[in-house]
Every structure is written in C-alpha cells, then in structure tokens.
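1. Got a predicted model here, sequence first, then my questions.
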Amino acid sequence: MTTSKKILIVLFAGSWLLLLAWAFQGVRVYAKVQVAHMLGWHSGAVPEETSEAIALHEFHPESQLVPESPSRPDEPAYPLFEFHGHIFPGYEGDLTREMSDLKNAMFVDLALRTTTVEKYDKLRSKYPDKRILIFPGLNYDRLDEEGDPFQKMADDLEALARDRGVKGVKLWKDLGLFRKYKGEIIPIDDPRLDPIWDVCAKYDLVVGIHTADPPAFFDPTDEHNERFQELARRPEWSFYGEDFPSFSELLAQRDRLFQRRRDVRFVALHFAELAHDLGKARKLLHENPNVWIDTAQRIDELGRHPRAVARFFLDFQDRILYGTDGLPDRDKIEIYWRFFETDDDYFDYYPEHKPRKGLWKIHGLNLPDPVLKKLYYGNALKLLNISEQDFFRYIE
C-alpha cells in the first residue's frame, strides 16, 4: 500500500472519528471555546458551564429589561363587574370576601353544570349573595331522552328564567365542536335550537357563547405551532384533524346565528376568539349590533399588538366587557389591571403559579378613564339592566 493511500485512509477514519465526537455536546462546546481562546476573542465559559439545549418546560429566561417607571397597580382604578367568572368544583373559599378584597362588586358565575331549577337552587343555597349572578348552561341530558330534546332544553331554560329570574345563559365550545345528537355534531346555527333562542328573546336573556379556542389549537402540534408548549402539556386541548370542524367553520356557524337571531343579545366570549385578528373582530361588531365581546383569557394575545388593540378599545368602548375567566385570583387579576391601566412594556401575561402558553410577553394599553369605567363595570350594567346605585352599594 502506498503512502498516499495510507494517508487517505487515516484522514477518512479520522474524519469519521471527528464527526462521531462532534455528536457529543461537550465536545462541540469545548472545541468552540478553545478555538475562541486561541483566536483571542474571549476567555469565556468552560464547557461544563454551558449547555446547547434546554428542555422547553425548563426554559424560563429572566428579562434584563429595567423599566424606567414600572406600574403595578395593587387595586383597580374603578370597581369591577366580573362578567366571566367560574366557581370551580371543589372551591371552598369565601367568594364574597375575595371579591371585596379586589373591589369586585359583582360576579357572573358561568355555571355550565347548573342546568335545572333544582341544580340552580342547590348552587344558590351555597352562594346566596345577590352580588353573584348565576348564568346556567343548557341541559344536554335531554339529548338522551325520547321526544324533542331541543324543546325540552328550552323548557328547562324557561323555567330558570321564569321562576328564578336568571339574566343569562352560558354556552360552551362543545356546541358545534363535539356535542352530538344521534351520532352527528350539532352545529351552532342548527335551526333545531330555535326554541332555546326563542326563550332567550322572550326573557331578554344574554347569551354568553364560547365558540372555539385560539387557532393554534386547530393546527398540528409541531415545531411551527407557537403554542407548542401549551399543547404538549395538554394534548387533549388540540382540535386538529378531520374529527373536528375547522376554526373558520366554527366561527362561520356562530356568525350566521348572530345574523339570523337579531332578537337575541350575545356576548362572544374570549374576545370573540379573534384577539389575534382585529380586522375580523371589527367586522363582527360592525355587522352585528346584537353582539358584545369580553376579555377573558385573551390579554396574552391582545398584549402582543397593544397600539392596534388600544385603538380598537376606543372604537368599541361600549361593546367590551371585563372578564378574567375564573375566581378572584389576585396574582392573575393584577396583571389584567396592569395591562388595561398602564403603558408598561414587555411583562408576563401569566402569574408565577400558572403555566406559560407561549414564548412572548405583553405590553400595556394605558386606556383613558372613561373607557376603563365602561370596561370595568359600565357596559355590563347596561347589558344586564342593573343600576349604578345597586352596583355601588356593594363597594365599601
């Protein structure tokens, strides 16, 4: 064997050994640092102090931004009407006291499981305070019975409106997305639901409707999905695939209902599922005078384009309701106040005890006082026909 061939063989084998070694992170980091040292670029970290990759759920970078004058309100500028509350199963706290601590004068419990007069009475006996309004859900148990289940659901709702004086009803995203009757998903604009809307019109019930989730929930959970961490943590929240209607189809069903039933007032919850697309949100409100929207669980989206969102709030200041989607949680709700009331930049949209949805931060809107008043309580009072006198008597 000639010397040149031996050299080629050695180079070939050596290259493969180098490639094999390069596959190990420690070798790569060590090599990069040593080359930098030799070139005189720096005298930085040694390999054992450096990592090329960190698990996403372990990645919690601490911002080095130092705000010139950070504002963190410890109470809201005005009293609150929580339009999108939930008394979760297992809650044993003192709701009235917690409301008072946060200047939360009134609270709507969107009580999906409260579907009959008997269930309403049981819940009301636990929370007799008139500051707490209960919006029941639809009694889908009727779908398993003989006869016309949709009329029976309407009858149950009418009993709650007539005999218990409820002011509204809550519809969840299962309607249109996966709630079935005789093996078929019930569309949101299904004409068979008309008896329910007739009851809502007759008793002037406000319909709070949750239609979908952010559009990322309808995309593959892969490297292109900006909510990958959230969906990887909760894979059951994904609605990607042929088993579910698309995001756009769900909103189209909902919007057809809004247009067909002008005699019913709707609140499209979660910013009408359009916090990411203000053009479509603007179109929705322009075309449907019977529709309002709320802010629950969408400041994470809204805070990414604060200048456009602030203009939107000014333009539709009479149609947006304050909501946070849950119980009075100070750590979470203070972030809402900071978002609405200040011009702070680049802060977290979630408290420390809540998981992150995606790798971004938000910026405050710094809304003017007249808009804040309408958002925090004024619009809800008008919508539900509650006087300011009745509202303010709950503020100490």
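-> Received it, and whenever you're ready, just let me know what you need. Residues are numbered from 1 along each chain as shown.
2. okay, CA-based contacts and neighbour counts for the rest of this
-> Will do.
3. Which residue or residues pair with Ile132 through a beta bridge?
-> In this entry, Ile132 is beta-bridged to Phe107, by DSSP bridges.
4. Name all residues that make contact with it.
-> With contact set as Cα atoms under 8 Å, 6 or more residues apart in numbering, Ile132 has these partners: 106-109.
5. how close does the spatially most central residue of the chain get to Phe347?
-> By Cα atoms, centre = their mean, the chain has its centre lying nearest to Gln297, at 2.9 Å. Distance, Gln297 to Phe347, by Cα to Cα, to the nearest Å: 16 Å.
6. Likewise for Asp318?
-> Going from Asp318 to Phe347 by Cα to Cα gives 27 Å.
7. did I read that right, Pro351 in a helix?
-> No - assessed by DSSP: H, G, I helix; E, B strand; the rest coil, Pro351 does not belong to a helix; its assignment is coil.
8. That one contacts Asp331, correct?
-> Yes - counting by Cα atoms under 8 Å, Pro351 touches Asp331, with 5.8 Å between them.
9. CA atoms only for the helix or strand hosting His286 - export them in PDB, please.
-> Assigned by DSSP states H and E, His286 belongs to helix 278-287. Taking C-alpha atoms only, helix 278-287 is exported to PDB below (Å, rounded to 0.1, in the frame of the first residue of the first chain):
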ATOM      1  CA  LEU A 278     -58.700  42.700  15.000                       C
ATOM      2  CA  GLY A 279     -59.800  43.100  11.400                       C
ATOM      3  CA  LYS A 280     -62.300  40.200  11.700                       C
ATOM      4  CA  ALA A 281     -63.200  41.300  15.200                       C
ATOM      5  CA  ARG A 282     -64.000  44.800  13.900                       C
ATOM      6  CA  LYS A 283     -66.100  43.400  11.100                       C
ATOM      7  CA  LEU A 284     -68.000  41.200  13.500                       C
ATOM      8  CA  LEU A 285     -69.000  44.100  15.700                       C
ATOM      9  CA  HIS A 286     -69.800  46.400  12.800                       C
ATOM     10  CA  GLU A 287     -72.100  43.800  11.200                       C
END
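10. Please renumber the chain so that the first residue is 35 from this point on.
-> With the count now opening at 35, the last piece we talked about shows up as helix 312-321.
11. what sits up against stretch 365-376?
-> 105-111, 333, 337, 358, 378, 383-385, 396-402, 406.
12. Can you mark which positions in the longest helix anywhere in the chain are buried?
-> Identified as the longest helix of the chain according to DSSP state H is helix 37-56. Judged by neighbour count (16 or more other Cα atoms under 10 Å), helix 37-56 contains no buried residues.
13. chain center to that helix: distance?
-> 57 Å (Cα atoms, centre = their mean, to the nearest Å).
14. Let's test this: mean pLDDT of the very next helix or strand once past that helix, rounded?
-> Going down the chain from helix 37-56, the next helix or strand is helix 59-73, by DSSP H and E. In this model, helix 59-73 has an average pLDDT of 71.
15. Same question for stretch 221-236.
-> In this model, stretch 221-236 has a mean pLDDT of 98.
16. buried stuff in it?
-> Buried, per 16+ other Cα under 10 Å, within stretch 221-236: 221-223, 227-235.
17. Closest to Val100 out of these?
-> Relative to Val100, the closest of the buried residues of stretch 221-236 is Ile222; by Cα to Cα it sits at 47.5 Å.
18. Quick check: that closest one touching Asp208?
-> No - if you go by Cα under 8 Å, Ile222 and Asp208 don't touch, sitting 9.5 Å apart.
19. so of the contacts of stretch 365-376, which ones are in strands?
-> Residues of the contacts of stretch 365-376 located in strands (DSSP state E): none.
20. So which of those residues belong to helices?
-> Per DSSP H, those map to helices at 333, 406.
21. Buried ones only from the contacts of stretch 365-376, please, as a ChimeraX command.
-> The ChimeraX selection below is limited to those of the contacts of stretch 365-376 classed as buried (16+ other Cα under 10 Å):
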select :105,110,333,337,358,378,383,384,396,397,398,399,400,401,406
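22. Gly202 versus Asp228, what's the distance?
-> 16 Å.
23. And for Glu375?
-> In this structure, Glu375 and Gly202 are 29 Å apart, going by Cα to Cα.
24. Neighbour count: these two, which is higher?
-> Comparing Glu375 with Gly202 by other Cα atoms under 10 Å, the one with more neighbours is Gly202, at 25 against 21.
25. and the more buried one, how far is that from Lys391?
-> Using Cα to Cα, Gly202 is found at 30 Å from Lys391.
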